[in-house]
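Asker: For reference, the sequence and a predicted model appear below.
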Amino acid sequence: MIKIDMNSTEFQTELENTKNFTDKVCSQFGFVYNPEDEVNESVQMGLTRNKLIYNKRYCPCFMVIGITKEEQKAADNRICPCKPALEYEIPEEGKCHCGIFCTKEYASKFASTNEAEIVVHTHSRGLSTLECELLLEKESIDADELEALLEARALKMVDFNLVDVREWMEWKSRRIEGTDYLIPTTSFYNTIGQLENQKEIVTIVYCYSGSRSAYCQHVMHDLGFRKVINFDFGIMTYKGKVISGN
């Protein structure tokens, strides 16, 4: 293991060179930095380390394969800005694998999503329609996010279906107010027909802990549902209003 003193003059000088390098990459290709400064700083430090060790700015998110320069060249290690990032990661995903280089559109959307998450977790204000829509693009949400989305739906700002995939006795005992459908996991294929004509509507699924609903989420994707979101950790973490009874 090679240890480098990050406080050394050598490292700090090369770090400044790396920052200038990543600035030039952004300027040359029209990229912007990740809205998360910690991501950028981490990648820049990794690039600096690799430059000092290997004399090349190998991508810090991947292993450097090979001992000699010849072996490293033959291994086709990623050198920043790497070919995969330029050819398909950034054009298709909006960011490179390491996350430092982003399109303007991705950075703006990422920042807005972060703002929405801050709002729901601090309860500082209600969500905007755009923030609601961004939350509904996620693969999973937590209790605060679900509660905020239900409040927004009540105000007709967004639309989605909330589906409980627990069993009938669990549903009768305690369920989230605003639940639209009960589709038990054990009889899933027999009851999912209720939503046959609603596959284009965003669906949020929940269970007790998030495990059954994660399974159903994948099944619903396979059945052609446009967007299915899992409520992570389930009703056991929900602090909003719940109801019981038939």
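Answerer: Yep, it's here. If you're wondering where the values come from, they're calculated on a predicted model, not measured in any experiment. Residues are numbered from 1 along each chain as shown.
Asker: okay, now the domains of this protein?
Answerer: Listed by automatic domain parsing, the domain ranges of the chain are 9-102, 109-243.
Asker: quick one: contacts for R57?
Answerer: Applying C-beta atoms under 8 Å, 6 or more residues apart in numbering to R57 gives the contacts T18, F21, L47, N50, K51, I79, C80. Where you see a C-beta, it was placed from the backbone N, CA and C, and this is true even at glycine.
Asker: before we move on, the earlier item: export the domains of the chain to TSV and tack on mean pLDDT and distance to K3?
Answerer: TSV is the format used below for those (pLDDT from 0 to 100; distance: least, C-beta to C-beta, whole Å):
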stretch	mean pLDDT	distance to K3
domain 9-102	93	10
domain 109-243	93	34
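Asker: PyMOL command to pick out the buried ones of the contacts of R57?
Answerer: In PyMOL, a selection of the buried entries from those looks like this (16 or more other C-beta atoms under 10 Å):
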select buried, resi 18+21+47+50+51+79+80
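Asker: Report the two of the contacts of R57 separated the most.
Answerer: Within the contacts of R57, T18 and I79 form the most distant pair, 13.0 Å apart (C-beta to C-beta).
Asker: Report the spatially nearest residue to the residue minimising distance to the centre of the chain, omitting neighbours in sequence.
Answerer: Nearest residue to the geometric centre of the chain (C-alpha atoms, centre = their mean): K138, 6.6 Å. Nearest non-adjacent residue to K138, counting by C-beta to C-beta, 6 or more residues apart in numbering: I229, 6.2 Å away.
Asker: and the one you found, that one's in a helix?
Answerer: No: assessed with DSSP: H, G, I helix; E, B strand; the rest coil, I229 is strand; it does not lie in a helix.
Asker: Show residues contacting stretch 199-208.
Answerer: Against stretch 199-208 from outside (C-beta under 8 Å, 6+ apart): 136, 141, 146, 149, 159-166, 170, 176, 185, 195, 213, 216-217, 220, 223-231, 234-236.
Asker: Could you do stretch 153-165 as well?
Answerer: Residues from elsewhere that reach stretch 153-165, judged by C-beta under 8 Å, 6+ apart: 126-127, 129, 132-133, 136, 149-150, 152, 170-171, 175-176, 178-185, 188, 195, 198, 201-207, 212-213, 216, 229.
Asker: Take those and keep only those in helices.
Answerer: Using DSSP state H, the members of the contacts of stretch 153-165 that fall in helices are T129, C132, E133, L149, L150, A152, E170, W171, F188, R212, S213, C216.
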